[in-house]
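*Asks:* I need the structure of the sequence given here:
(chains A and B)
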Amino acid sequence: GQQLNQSPQSMFIQEGEDVSMNCTSSSIFNTWLWYKQDPGEGPVLLIALYKAGELTSNGRLTAQFGITRKDSFLNISASIPSDVGIYFCAGQLNTGGGADGLTFGKGTHLIIQP
Amino acid sequence: GAGVSQSPSNKVTEKGKDVELRCDPISGHTALYWYRQSLGQGLEFLIYFQGNSAPDKSGLPSDRFSAERTGGSVSTLTIQRTQQEDSAVYLCASSRYSGNTIYFGEGSWLTVV
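*Replies:* Numbering: from 1, shown residues only, chains lettered A, B, ... in the order given. Down below sits the predicted model:
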């Protein structure tokens, strides 16, 4: 299936720094989703975006649905140790095609140094 | 239930044996997905069930893999004649309807020795 390009692959940052990661695609999506996976756990939904240009916040997290519908970014402000984990983007097309038109990025590994 | 429930949470099996992994989706969710995640890797789609429609099996890596969903609720993923490369986390997810946000279980960690 198609792939999303998620970057960066990994990030090593200091506690308190802001974090930015993004996903791009060669094709459009109707929905963008951001998940976080803690070690030993399943992915947990952080933010869902449903409209091109939409900017949504959830606490220290902010995500945007790109105006072209081919990209999305996630920002984390003032990072704390519990932000450590793998962040996945997912694009959904809702055409009823394979896997419900859902495509995942390969993840961004966030590591925070105290 | 409150969330997607998977069992077993951990399974160690000998190469060549068959394994069954179970997923109990969120109550009322009609769509159910299985994904595989190898260590440190992204999510690999395996199979998708939507209501009473024929499942999308396009992600199953070989004919040793199969899945069924009985009564539109609980699903079982079966891996026959397991190989070491089958070692991974198998994640189940569900959504209320096709196109709605999906929610994941905590995964079944399979180790083939």
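*Asks:* hey, where'd the strands end up in the chain?
*Replies:* Unless you meant another one, I'm taking chain A. A:5-7, A:10-14, A:19-24, A:31-37, A:44-49, A:55-58, A:61-65, A:71-76, A:85-92, A:102-104, A:108-113 (DSSP state E).
*Asks:* think we crossed wires, I meant chain B
*Replies:* With DSSP E as the criterion, chain B has strands at B:5-7, B:10-13, B:19-24, B:31-37, B:44-50, B:65-69, B:75-79, B:88-95, B:103-104, B:108-112.
*Asks:* residue A:32 is nearest to which of those strands?
*Replies:* Evaluated over these, closeness to residue A:32 peaks at strand B:88-95, with 15.3 Å, by Cβ to Cβ. C-beta coordinates here come from the backbone N, C-alpha and C atoms, glycine included.
*Asks:* now render the strands of chain B as JSON lines, adding mean neighbour count.
*Replies:* Shown next, in JSON lines, are the strands of chain B (neighbours: other Cβ atoms under 10 Å in any protein chain shown):
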{"stretch": "strand B:5-7", "mean neighbour count": "18"}
{"stretch": "strand B:10-13", "mean neighbour count": "14"}
{"stretch": "strand B:19-24", "mean neighbour count": "19"}
{"stretch": "strand B:31-37", "mean neighbour count": "24"}
{"stretch": "strand B:44-50", "mean neighbour count": "22"}
{"stretch": "strand B:65-69", "mean neighbour count": "17"}
{"stretch": "strand B:75-79", "mean neighbour count": "19"}
{"stretch": "strand B:88-95", "mean neighbour count": "24"}
{"stretch": "strand B:103-104", "mean neighbour count": "21"}
{"stretch": "strand B:108-112", "mean neighbour count": "19"}
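*Asks:* between the ones you listed, which one is nearest to chain A?
*Replies:* strand B:103-104 (3.8 Å; Cβ to the nearest Cβ).
*Asks:* distance of residue A:33 relative to chain B?
*Replies:* Per Cβ to the nearest Cβ, to the nearest Å, residue A:33 is found 6 Å from chain B.
*Asks:* got the strands of chain B as CSV, with mean pLDDT columns?
*Replies:* Shown next, in CSV, are the strands of chain B (pLDDT from 0 to 100):
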stretch, mean pLDDT
strand B:5-7, 97
strand B:10-13, 97
strand B:19-24, 98
strand B:31-37, 94
strand B:44-50, 91
strand B:65-69, 96
strand B:75-79, 98
strand B:88-95, 95
strand B:103-104, 92
strand B:108-112, 97
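*Asks:* ok, which of the ones you listed comes nearest residue A:30?
*Replies:* Residue A:30 lies closest, by Cβ to Cβ, to one member of the strands of chain B: strand B:88-95, at 14.2 Å.
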